[in-house]
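Chemist: sequence first, then the predicted structure:
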Amino acid sequence: MLDKHAAPMFVRKKRSVRKGVEYEYLQIVRSRREGRKVRQEVIGTLGRADKLLVSGEIDGLLRSLAKFTDKLRVVEANRSPDLEANRSLQWGPALVFGRLWENQNIPEVIHKLSLDRKFRFDLERVAFAMALQKLCEPGSDLAGSQWVTNVEAPGFRELALQHFYRTNEFLAEVRSEMEIELSWRDRDLFSQDFDVMFIDTTSVYMYRDTENELFKRGHSRDKKPHLPQLVLCVVVNAHGWPVAWEAYPGNTADVRTLEKMINRFRKRLSIRKAIVVADRGMISKDSIKLLTEYQDAPFKYVLGCRMRRHKEVSEKVLSRAGRYHCVEDNLEVKEVWVEGRRYIVCRNPIQARKDKAAREKLLIKLDEIIAKQGPKSLVGNRGYSRFLQIEKNSVSINPQAVEADARLDGKFVLTTNTELPPDEVAATYKSLWRVERTFREQKSTLEVRPLYHQCPHMAIGHIVSSFLALRLEVDLQRRLDERKVEVSWPDLMRDLSQVHSVIIDLEGKRYRLRTSMIGSSYQAFQAAGVRPPETVTLLGPTPLEASIPEPTQTNLL
């Protein structure tokens, strides 16, 4: 009798020479260890390989053995009329992001915040479904309640539209408590610190005619000034990890959002020391004063400056003589002090050449328009107006304006109160792309525009679920980066979405089949620490019902 604990058996070829003729025999063997040596033990010889192949005995043997293994049995029955497929559901994203969802302790946070509420449905499952929808198929709650019916994940088949609405309300109500809980868990789980915080804003519009306390008309980054909007401010740390977010009325200026976010850091998240990095739209005397004049722990800052609108920068900083220090091929820096204020002038020689070529091309076109079409054709064109000088009866190119513009080629100016070397200040500011990436269309998980909820309260809940989804995306991207896996996010999500669960019935038994892992899907599973399911899994006997009912939309709350 064979030892059940013995090594797995396999088939090998054994060559034998008789009367100068070489023959190949197929043998069933297994490996066994004798001391430090590994030897192969022959269990049985099947016969000559050429005769077995011609006679078809190998095929018959495999079919016979397949009766004793579920996986090969299903594969062999692929063309059988007794094989019945019930459904095919998307499986890959739910497996990968489900593990990250658990690793971040989000289920525990949701359960803790909902202890005093009597929901008659699985609140955590709905929250995960909403976050997963933002990653796979962004859309309304109605679209989400329909989308989950095509996803293989625990608890999804019981979800209905009213569960999405109720969960949206819950997330809006507990968003502050959730942010605090996750912030402290992040510090323990990922050893995250807040040495550097990147802040940026975007606008999120809504299709409606009237304004309310949150949705107001203002500067639209989406080129839709006729629609009410809210201003969304997001903060990430030096690792690109989402720290906090806030929504403000659509007519709030970027300067005001920075001030409000700084107050939130100090009061709600108990952040005392950090370097705040923000774009040029957020700089003002009031914002700098807010950062530096806090008694207990003033914040350091690295802020971008408006080179054309900031008088001190345009007239004093940019005109100050001094040599640039070469950091890289595309970065040169120099330090300038003006009345105790520190500035870092950064120059990209490659971009400077591009800016010069673009301006020269524009000026040639401008000359042609003035000569052929006349000055009236230039009225209202902001791209041309900065280079024009308008006199009594003529319009011409202003050489002083051209010269002033040339001084800005390839440059950006930063102001800081840190003691970092100039090259580190520039590198820190350039890392602002981590938060700007958050707002890129089609590549960003925080793709919340347009909003489908008319009520401000529900809109906040929608953004909370988007923020949870962003945490999952950044977590997976961070893990892939650690493994040096280079793949675009759309390609990764496409490959993951191709991993399906197929339920089939065969000879009175029900099986789950996993479709093939294609592209970067296997790397995503590895990065998330998820072992891919078996190709074929026996679920049990076939249920009495002929088919699996679809989830109902009339479940009780």
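Modeler: The structure has been received and is ready for your questions. Numbers count the residues shown, from 1 in each chain.

Chemist: hang on, isn't His226 packed against Glu211?
Modeler: No: His226 lies out of contact with Glu211 (Cβ atoms under 8 Å); the separation is 11.6 Å. For every residue, glycine as well, the C-beta is placed using N, CA and C.

Chemist: so those two - more neighbours on which side?
Modeler: Glu211 (15 against 8; other Cβ atoms under 10 Å).

Chemist: that one looks like it's in a strand, true?
Modeler: No: per DSSP: H, G, I helix; E, B strand; the rest coil, Glu211 lies outside any strand segment and is coil.

Chemist: separation between the nearest residue to it once chain neighbours are set aside and Thr202?
Modeler: With Cβ to Cβ, 6 or more residues apart in numbering as the criterion, Glu211 has its nearest non-adjacent residue at 4.9 Å, and that residue is Pro228. To Thr202, Pro228 is 15 Å away according to Cβ to Cβ, to the nearest Å.

Chemist: Ser114 now?
Modeler: Using Cβ to Cβ, Ser114 is found at 30 Å from Thr202.

Chemist: which residues make contact with the one helix or strand Asp286 maps to from outside it?
Modeler: Using DSSP states H and E, Asp286 sits in helix 285-292. With contact meaning Cβ atoms under 8 Å, 6 or more residues apart in numbering, helix 285-292 is reached by 255, 258-259, 262-263, 276, 298-301, 303, 415, 417.

Chemist: and His111, that's in a helix?
Modeler: Yes: under three-state DSSP, His111 falls within a helix.

Chemist: contacting residues for Gly529?
Modeler: Applying Cβ under 8 Å, 6+ apart, we find Gly529 in contact with Arg99, Asn103.

Chemist: what about 7 Å?
Modeler: Residues near Gly529 by Cβ atoms under 7 Å, 6 or more residues apart in numbering: Arg99.

Chemist: tell me how this protein divides into domains.
Modeler: Under the assignment automatic domain parsing, the domains of the chain span 9-60, 350-406.

Chemist: hang on, Ser465 packs against Leu132?
Modeler: No: Ser465 is beyond contact range of Leu132, at 9.5 Å (criterion: Cβ atoms under 7 Å).

Chemist: could I get the domains of the chain as TSV with distance to Pro422?
Modeler: Shown next, in TSV, are the domains of the chain (distance: least, Cβ to Cβ, whole Å):
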stretch	distance to Pro422
domain 9-60	62
domain 350-406	18
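
Chemist: closest one to Arg308 among the ones you listed?
Modeler: Comparison of the domains of the chain against Arg308 by Cβ to Cβ identifies domain 350-406 as nearest, at 8.5 Å.

Chemist: distance from the chain centre to the closest one, please.
Modeler: Here the centre of domain 350-406 is set off from its chain's centre by 41 Å, with Cα atoms, centre = their mean, to the nearest Å.

Chemist: now do the same end-to-end measure for that domain.
Modeler: Using Cα to Cα, to the nearest Å, one end of domain 350-406 lies 14 Å from the other.

Chemist: list the helices and strands the one helix or strand Val277 maps to packs on?
Modeler: Under the criterion of DSSP H and E, Val277 resides in strand 275-278. Counting contacts by 3 or more Cβ pairs under 7 Å, 6 or more residues apart in numbering; DSSP states H and E, strand 275-278 is packed against strand 196-205, strand 300-304.

Chemist: tell me if Asp505 really is in a helix.
Modeler: No: according to three-state DSSP, Asp505 belongs to no helix; its state is strand.

Chemist: once you drop chain neighbours, what's closest to Leu89?
Modeler: Once flanking residues are discounted, Leu89 sits nearest to Glu152: 3.9 Å by Cβ to Cβ, 6+ apart.

Chemist: how many other residues sit next to that neighbour?
Modeler: Neighbour tally, Glu152, other Cβ under 10 Å: 23.

Chemist: same question, Cys326
Modeler: Neighbours of Cys326 (other Cβ under 10 Å): 12.

Chemist: can you give me the pLDDT of the residue nearest to Asp495 when sequence neighbours are not counted?
Modeler: Spatial nearest neighbour of Asp495, excluding adjacent residues (Cβ to Cβ, 6+ apart): Gly519 at 3.4 Å. You'll see Gly519 listed with a pLDDT of 91.

Chemist: repeat for Gly56
Modeler: 65.

Chemist: thought Arg407 was touching Arg359, still the case?
Modeler: No: the pair Arg359 / Arg407 is not scored as a contact, 11.6 Å apart, by Cβ under 7 Å.

Chemist: which one's more surrounded, the two?
Modeler: The neighbour count for Arg359 versus Arg407, taken as other Cβ under 10 Å, is higher for Arg359 (16 against 11).

Chemist: quickly find the element holding the more buried one.
Modeler: With DSSP H and E as the test, Arg359 turns up in helix 349-372.

Chemist: and the helices in the stretch 1-150 of the chain?
Modeler: For the stretch 1-150 of the chain, the helices defined by DSSP state H, counting those that start in this stretch cover 49-55, 57-66, 70-76, 92-103, 106-113, 123-136, 141-147.

Chemist: got CSV for those, with mean neighbour count too?
Modeler: What follows is those, written out as CSV (neighbours: other Cβ atoms under 10 Å):
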stretch, mean neighbour count
helix 49-55, 13
helix 57-66, 12
helix 70-76, 16
helix 92-103, 21
helix 106-113, 17
helix 123-136, 24
helix 141-147, 18
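
Chemist: mind listing the strands for the stretch 401-550 of the chain?
Modeler: Counting by DSSP state E, counting those that start in this stretch, the stretch 401-550 of the chain has strands at residues 411-416, 500-506, 509-514, 536-541.

Chemist: tell me the most buried of these?
Modeler: The highest mean neighbour count among the strands of the stretch 401-550 of the chain, using mean count of other Cβ atoms under 10 Å, belongs to strand 411-416: a mean of 21.

Chemist: where does the stretch 301-450 of the chain dip in pLDDT?
Modeler: For the stretch 301-450 of the chain, residues meeting the criterion pLDDT under 70 lie at 373-384, 392-393, 433-450.

Chemist: show me where it has its helices.
Modeler: Under DSSP H, counting those that start in this stretch, the stretch 301-450 of the chain gives helices at 311-312, 349-372, 382-385, 399-406, 422-430, 433-436.

Chemist: residue closest to the middle of this structure?
Modeler: The residue lying closest to the centre of the chain (Cα atoms, centre = their mean) is Glu473, at 3.6 Å.

Chemist: correct me, but it touches Leu135?
Modeler: Yes: shown here, Glu473 and Leu135 form a contact pair, counting by Cβ under 7 Å, at 6.5 Å.

Chemist: where does the stretch 1-150 of the chain have low pLDDT?
Modeler: Residue ranges of the stretch 1-150 of the chain with pLDDT under 70: 1-7, 54, 56, 59-86.

Chemist: swap in 50 and give it another go.
Modeler: Scanning the stretch 1-150 of the chain for pLDDT under 50 picks out 1-2, 4.

Chemist: let me see the contact set for the closest residue in space to Arg407 that isn't next to it in sequence.
Modeler: Distances taken as Cβ to Cβ, 6+ apart place Leu318 nearest to Arg407, at 5.8 Å, with adjacent residues excluded. For Leu318, the contact set (Cβ under 7 Å, 6+ apart) comprises Met307, Val345, Arg407.

Chemist: kindly report the same for Tyr324.
Modeler: With Cβ under 7 Å, 6+ apart, Tyr324 has these contacts: Glu332, Val333, Lys334, Arg347.
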